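> here is a sequence together with a model predicted from it:
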Amino acid sequence: MSEFLNFFETTGFFHINPSYALMILIGMVLIYLGIAKKFEPLLLVPIGFGIIIGNMPGVSQQGQTIYDQGSVMYYLYQGVERGYYPPLIFLGIGAMTDFSTLIANPKLILIGAAAQAGIFITFIGSLLLGFNVMEAASIGIIGGADGPTSIYISSKLAPHLLGAIAIAAYSYMALVPVIQPPIMKLLTTKKERQIHMKTPRLVSQREKILFPIIGFIVTTLIAPGGVALFAMLFFGNLLKECGVTERLADTARNALMNIVTILLGVTVGAKTQADVFLNWSSVKIFFLGAIAFCIATAMGVLFTKFMNLFLKEKINPLIGNAGVSAVPNSARVSQVEGQKYNKRNFLLMHAMAPNVAGVIGSAVAAGVMLGILGN
């Protein structure tokens, strides 16, 4: 009996407590949303399973958690902590992104820039709720709806909040089809939602090749702190568009992207151990994240309406929601909502312009904050 009791004390059953059980339940909910509802399954399924891994009772007593130096999970997490994974994700995003619509209609970049107001408003809100300036900067990036950028800046400025920030960012990205349509409908009239947009002009191969080179130079001059993100995003796009490195582009957007997504999702999820994650700071972060996302969506739509005051050829304000950088989900929402009011309207190609501009905009915002606060 004594030997049995000694064995029992090494099992997870002996160490079960309600907080671990709650986190495991949260992980299961994320997996359910990814599989059953198809809300960002490539992200929510790894993150959800990672949460279960990080909250299995008894594992910490064996020194095998992500917090235990020398464990496998600890070493896998170094890609997040040291900022390796997010730039590699950006490399894949660049290799699968078509900037043609943005090149054809560059004024749409202003919509992506306007949507980043959510970042700075959330930054101020975080300070008012008691977070320090480093933490507030990390939380604010959630307003850009850019998971890799949120992880990258929080790993540099507020690593102790990384788990909560990552879960909040990816959760709201997954809920784009739920959160954005009511805001879009509230802020637009039926007539505005019916605005027909012409097919954008064809963009030459030379323009597609020059864009990532010029884009990298300009964005890095503006915000040198974000050089790793800009470099990988635009380099990946150059691989895609130059026409002579298709093998490299294919690897970046498929094999490499998939491997890094798995590692990032599982390790970020595993970072949410109950005794670290379940606190009032996490609740505040989720609240601020929801406000940030709504503000960013609203600002994109409202700024599009503002632009229409000065434009002869009107822009359908339904593409304003795509100013957040949840690529390509928010652009798909623009398309779905636009089709409800005008069957001739195909807004996806137009919405991709502010959508990819939002990716660049959130990275610029992160670069600015890192440049100011990271030194």
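All right, it came through fine. Numbers count the residues shown, from 1 in each chain.

> ok, residues contacting stretch 275-293?
Contacts to stretch 275-293, defined as CB atoms under 8 Å, 6 or more residues apart in numbering, come from residues 19, 22-23, 67, 118-119, 121-122, 125-126, 129-131, 139-140, 142-143, 145, 160-161, 163-165, 168-169, 171-172, 179, 271, 324. C-beta here means a position set from N, CA and C on the backbone, and glycine is covered the same way.

> likewise stretch 55-73?
By CB under 8 Å, 6+ apart, stretch 55-73 touches 10-17, 20, 23-24, 27, 53-54, 74, 76-77, 267, 270-274, 276.

> emit the ChimeraX select command for whichever of those residues are buried.
This is how ChimeraX selects the buried members of the contacts of stretch 55-73, with burial counted by 16 or more other CB atoms under 10 Å:
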select :20,23,24,27,53,54,74,76,77,267,270,271,272,273,274
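
> which of the contacts of stretch 275-293 count as buried?
By 16+ other CB under 10 Å, the contacts of stretch 275-293 give 23, 67, 118-119, 121-122, 125-126, 129, 131, 139-140, 142-143, 145, 161, 163-165, 168-169, 171-172, 179, 271, 324 as buried.

> mind listing the helices for the stretch 251-375 of the chain?
Using DSSP state H, counting those that start in this stretch, the helices of the stretch 251-375 of the chain run over 257-270, 274-277, 280-308, 329-341, 348-373.

> next: the stretch 101-250 of the chain.
Under DSSP H, counting those that start in this stretch, the stretch 101-250 of the chain gives helices at 109-115, 117-128, 133-140, 147-157, 162-174, 176-186, 190-193, 205-222, 227-241, 246-251.

> pick out the shakiest of those helices, pLDDT-wise.
If you rank the helices of the stretch 101-250 of the chain by mean pLDDT, helix 162-174 sits at the bottom with a mean of 86.

> identify the residues contacting it?
By CB under 8 Å, 6+ apart, helix 162-174 touches 30, 33-34, 39-40, 43-44, 47, 51, 80-81, 138-139, 141-142, 145-147, 150-151, 154-155, 158, 179, 268-269, 271-272, 276-277, 281-282, 285-286, 289-290, 293, 326, 329.

> try it again with 6 Å
Contact with helix 162-174 is made by 39-40, 43-44, 138, 142, 145, 147, 150-151, 154-155, 268, 271-272, 277, 282, 285-286, 289, 293, 326, as judged by CB atoms under 6 Å, 6 or more residues apart in numbering.

> and if you look at stretch 179-187?
The contact list for stretch 179-187, computed with CB under 6 Å, 6+ apart, reads 297-298, 301, 318, 321, 333, 337.
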